[in-house]
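**Student:** I would like to see how this sequence folds:
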Amino acid sequence: MLKPCRLLVALLFFFVTLSTSAQPMPKEDVIDVPAVGEGLWPSNLFQSNMVVQRDRPIPVWGWADPGEKVTVSFAGNSASATADKNRAWRVELPALPANSTPQSMTITGKSKTITLENILVGDVWLLGGQSNMEMEISDVENGGLEVASANYPNLRLLTIPQGELPDETPGFARLYEYSNYFKRHFRKGDWDVCSPKTVTDFSAIGYIFARRLQKAADIPIGVIDMSRGGTCVESWTPLQTLREMDKPEIKKVLADWDNKAAEFDAQKDLEQRIEAKKQRIARMEKEGQQITDEDRELPSDLRPGPLADMNHPGANYQGMLKPIAGLPVKGAIWHQGYNNAMGGLNGPGMYREVFPVMIASWREAFKDPAMPFCVISLCTDTAPQTLDNYSEMMHNLGMEIREAQYKTFRDLYDGGDKNIGFASSYDLRRAWYHPQVKIPAGERAARWALATQYGFSERQIPWKPPVLKDMKTQDASIILNFDQEVGDQNNGDMLGFAIAGNDRRFHPAKAEYLQTGVDSKNQPQYDKKKIKLTSIMVPEPVAYRYAWGRNPLANVQAQGNKDLPLPTQRSDDWPMHAIPLGILPEDVTLPLQRADRNKLLIALREQDKQRRLEQAKALIEELSR
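**Tutor:** Numbering: from 1, shown residues only. Next up is the predicted model:
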């Protein structure tokens, strides 16, 4: 229920918006409720319509006058605390079982009581990553149908606004946040009951994931989206934790940012902005444009520079995760990697080191060392890989990010972490960096959650992708042995494998099941867990790769209508700049210069051409017999 002060602010905002509806909204955030206000002020994390985590003690925190006693009451329980000299207070209420009956919470101070209504008890899930996790349900394929049918009163939605550095962020505002990318405002910071009206701008993957859980588990589900477009994995990891890592890739990234910050001159930056504004005004005057007082206003603020960049190491951990850290949650799902794939040849190496540390830091922030965490691997980008451009399209760092994500999952899972999950998304392909096939990605994550966290068996809801048990070379082939049967769902050719010899020239491989014998009718018998890889171009193979393309030609899945793609993987550790072997010198300077990269691409295109010629010759010989 809105209290008089909040009601006044809301009505004022409504009438201001209404009166200016014919004008474009300002290109700045419009704050409805600040992060921290005067007097008794619970964190904006605690609102009407929220879900609190079941079976865990319920903390509530906020601010009040120093020395003020604050009492919080909910579901028949109460707890009190006294605000410290910095105004901060925190209470903890007893754990409760799931409850779909709306309840009220009261927060009482010396002269004020705040009532939060329509609160449910259930499971709270976090969404993390960048723009492909952010992408709203209304903009994805079949999103209109999802929006029209999104009547789920026991599903609650919250999107965290983008945090700002370098100042510590104690909380988040409730606001209309302007997006430079979409050129419009998005409402953020409010807990909403899921409906066709409120779900429109919410994360597509997150909504699909949550609605599957809510219907299957039949308990309230709250989902908190704190993803942010264009961000790197290191920005979601605590800065101090990164500084403690003794890894050369990470030290280099931190040193680069430290140098940028040291070289930044706030006064010089202001002077340059003032000069640029004066030049713009002069240009407008020369062109006879109408100039308002706002147009003539010169900048006067000193900007923090690199320290406020959203990709500064630790920035989003500090600005978006920290304000909600300590909230009991059920788990998290993660979909990110694009910006790290643009980080040069050291990008994947750093990702491999940082990602497991990031997961551990999130678990620590939410006070649950076993917090369930599901990785949705990097999605597709660029033109499709084909049999004609196969080798050339293997020259991309995106696959190494996918590999790092999958290896992180395997390291944790094989080490006994049964709360780590994984789902591929490379088969949900489109030729741009925001593929709009998001519904299956959300459902794959939901299958993991239901099978591991909600009592459904993995046989009933399969989620684990096929796992390679071992590999061996045999004659002119490589034999792969998986833990379950795999194949093309249309019973056609299995595509996506490539093999190479010691020359590191990868070519698409013919993949067929390993024959184990014949039956009583002399018909061949095959082991569908074992794949034999061969190529006329690779007489002595030593390594294989699978789905090694940013938009890969790959179709192998677990058999049995399971929708579980074989993850992107490889058996070698050859760096991208050394494939094929011998094109660039071993001591080539990194990062690669454009001329060196072009040499590799030319060699790979020639490699594709030679393969097509050899295949054509083989076909002609076969037809002429």
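**Student:** quick check: what element follows the helix or strand of the chain with the lowest mean pLDDT along the chain?
**Tutor:** The least trusted helix or strand in the chain, going by mean pLDDT, DSSP states H and E, turns out to be helix 4-19, with a mean of 39. Beyond helix 4-19 in the direction of the C-terminus, DSSP states H and E gives the next helix or strand as strand 30-33.
**Student:** how about the contacts made by residue 470?
**Tutor:** Going by C-beta atoms under 8 Å, 6 or more residues apart in numbering, residue 470 touches residue 481. Every C-beta, even on glycine, is put in place using the N, C-alpha and C of the backbone.
**Student:** ignore the last one, residue 515
**Tutor:** Residue 515 neighbours (C-beta under 8 Å, 6+ apart): 524, 525, 526.
**Student:** now swap in residue 514 and tell me
**Tutor:** For residue 514, counting by C-beta under 8 Å, 6+ apart, the contacting residues are 479, 526, 527, 530, 531, 532.
**Student:** equivalent analysis for residue 188, please.
**Tutor:** Residue 188 neighbours (C-beta under 8 Å, 6+ apart): 159, 160, 161, 174, 175, 176, 177.
**Student:** next one: residue 69
**Tutor:** So, once contact is read as C-beta under 8 Å, 6+ apart, residue 69 ends up touching 80, 81, 82, 83, 109, 110.
**Student:** and which of those residues is nearest to residue 473?
**Tutor:** residue 81 (66.3 Å; C-beta to C-beta).
**Student:** out of the contacts of residue 514, which end up buried?
**Tutor:** Among the contacts of residue 514, the ones that count as buried by 16 or more other C-beta atoms under 10 Å are 479, 527, 530, 531, 532.
**Student:** checking my notes, the second one in a strand, right?
**Tutor:** Spelled out, that is residue 527. Yes: counting by DSSP: H, G, I helix; E, B strand; the rest coil, residue 527 is located in a strand.
**Student:** what's across from it in the sheet?
**Tutor:** Beta-bridge partners for residue 527, by DSSP bridges, are residue 514.
**Student:** any idea how many residues pack against the spatially closest residue to residue 369 that is not a sequence neighbour?
**Tutor:** Sequence neighbours aside, residue 363 is the residue nearest to residue 369 in space, at 5.3 Å (criterion: C-beta to C-beta, 6 or more residues apart in numbering). Number of residues near residue 363 (other C-beta atoms under 10 Å) recorded here: 18.
**Student:** ok, now how distant is residue 363 from residue 416?
**Tutor:** With distances taken as C-beta to C-beta, to the nearest Å, residue 363 is found 15 Å from residue 416.
**Student:** ok, now residue 132?
**Tutor:** Residue 132 is 30 Å from residue 416, where distance means C-beta to C-beta.
**Student:** those two: who's more crowded?
**Tutor:** Neighbour totals were compared for residue 132 and residue 416, and residue 132 leads with 26 against 7 (other C-beta under 10 Å).
**Student:** thinking again about what came up before, give me the element the residue nearest to residue 369 is part of.
**Tutor:** Assigned by DSSP H and E, residue 363 falls in helix 347-365.
**Student:** what lies in contact with that helix?
**Tutor:** For helix 347-365, contacts defined as C-beta under 8 Å, 6+ apart pick out 126, 128, 233-234, 236-238, 241-242, 245, 247, 249-250, 253, 317, 321-322, 325-326, 332, 337, 340-341, 343, 369-371, 373, 397, 400-401, 403-405, 407-408, 411-412, 420.
**Student:** hang on, the earlier thing: so which of the contacts of residue 515 comes closest to residue 557?
**Tutor:** Relative to residue 557, the closest of the contacts of residue 515 is residue 526; by C-beta to C-beta it sits at 17.1 Å.
**Student:** now do the contacts for the closest one.
**Tutor:** With contacts defined as C-beta under 8 Å, 6+ apart, residue 526 is in contact with 513, 514, 515, 516.
**Student:** any idea how far the third one is from residue 494?
**Tutor:** Spelled out, it's residue 515. As judged by C-beta to C-beta, residue 515 and residue 494 stand 15 Å apart.
**Student:** from one end of stretch 170-178 to the other, what's the distance?
**Tutor:** Using C-alpha to C-alpha, to the nearest Å, one end of stretch 170-178 lies 21 Å from the other.
**Student:** what distance separates that stretch from the centre of its chain?
**Tutor:** The chain centroid and the centroid of stretch 170-178 are separated by 21 Å under C-alpha atoms, centre = their mean, to the nearest Å.
**Student:** same check on stretch 43-61?
**Tutor:** Computed by C-alpha atoms, centre = their mean, the chain-centroid distance of stretch 43-61 equals 24 Å.
**Student:** what of stretch 216-231?
**Tutor:** Relative to the centre of its chain, stretch 216-231 is centred 12 Å away, using C-alpha atoms, centre = their mean.
**Student:** again with stretch 408-428
**Tutor:** The chain centre lies 14 Å from the centre of stretch 408-428; the measure is C-alpha atoms, centre = their mean.
**Student:** output it as PDB - backbone C-alpha positions only.
**Tutor:** Provided in PDB are the C-alpha atoms of stretch 408-428 (Å, rounded to 0.1, in the frame of the first residue of the first chain):
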ATOM      1  CA  THR A 408      34.200 -24.700 -15.500                       C
ATOM      2  CA  PHE A 409      31.000 -26.700 -15.200                       C
ATOM      3  CA  ARG A 410      32.800 -30.000 -15.600                       C
ATOM      4  CA  ASP A 411      35.500 -29.200 -13.100                       C
ATOM      5  CA  LEU A 412      32.900 -28.300 -10.400                       C
ATOM      6  CA  TYR A 413      30.500 -31.100 -11.200                       C
ATOM      7  CA  ASP A 414      33.300 -33.800 -11.400                       C
ATOM      8  CA  GLY A 415      34.700 -32.400  -8.200                       C
ATOM      9  CA  GLY A 416      31.400 -33.200  -6.400                       C
ATOM     10  CA  ASP A 417      29.400 -30.000  -6.900                       C
ATOM     11  CA  LYS A 418      25.900 -31.300  -7.500                       C
ATOM     12  CA  ASN A 419      24.400 -27.800  -7.600                       C
ATOM     13  CA  ILE A 420      26.200 -26.700 -10.700                       C
ATOM     14  CA  GLY A 421      24.300 -26.900 -14.000                       C
ATOM     15  CA  PHE A 422      25.000 -26.400 -17.700                       C
ATOM     16  CA  ALA A 423      23.000 -25.800 -20.900                       C
ATOM     17  CA  SER A 424      24.300 -25.200 -24.400                       C
ATOM     18  CA  SER A 425      22.700 -22.500 -26.600                       C
ATOM     19  CA  TYR A 426      24.800 -22.600 -29.800                       C
ATOM     20  CA  ASP A 427      22.100 -24.600 -31.600                       C
ATOM     21  CA  LEU A 428      19.600 -21.800 -31.000                       C
END
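**Student:** just the buried members of the contacts of helix 347-365?
**Tutor:** Neighbour counting over these (16+ other C-beta under 10 Å) leaves 126, 128, 233-234, 236-238, 241-242, 249-250, 253, 317, 321-322, 332, 337, 340-341, 343, 371, 373, 397, 400-401, 403-405, 408, 412, 420 as the buried ones.
**Student:** follow-up on the earlier one: could I get the contacts of residue 188 in a markdown table, plus columns for secondary structure and distance to residue 28?
**Tutor:** Putting these into a markdown table (DSSP: H, G, I helix; E, B strand; the rest coil; distance: C-beta to C-beta, whole Å) gives the following:
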| residue | secondary structure | distance to residue 28 |
| --- | --- | --- |
| 159 | strand | 18 |
| 160 | coil | 19 |
| 161 | coil | 13 |
| 174 | strand | 16 |
| 175 | strand | 10 |
| 176 | strand | 10 |
| 177 | strand | 9 |
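**Student:** widest-spaced pair of those?
**Tutor:** Distances among these were taken as C-beta to C-beta; the most separated pair is 160 and 176, at 14.3 Å.
**Student:** that older thread, closest to residue 274 out of the contacts of residue 188?
**Tutor:** Nearest to residue 274, judged by C-beta to C-beta, of the contacts of residue 188 is residue 177 at 27.4 Å.
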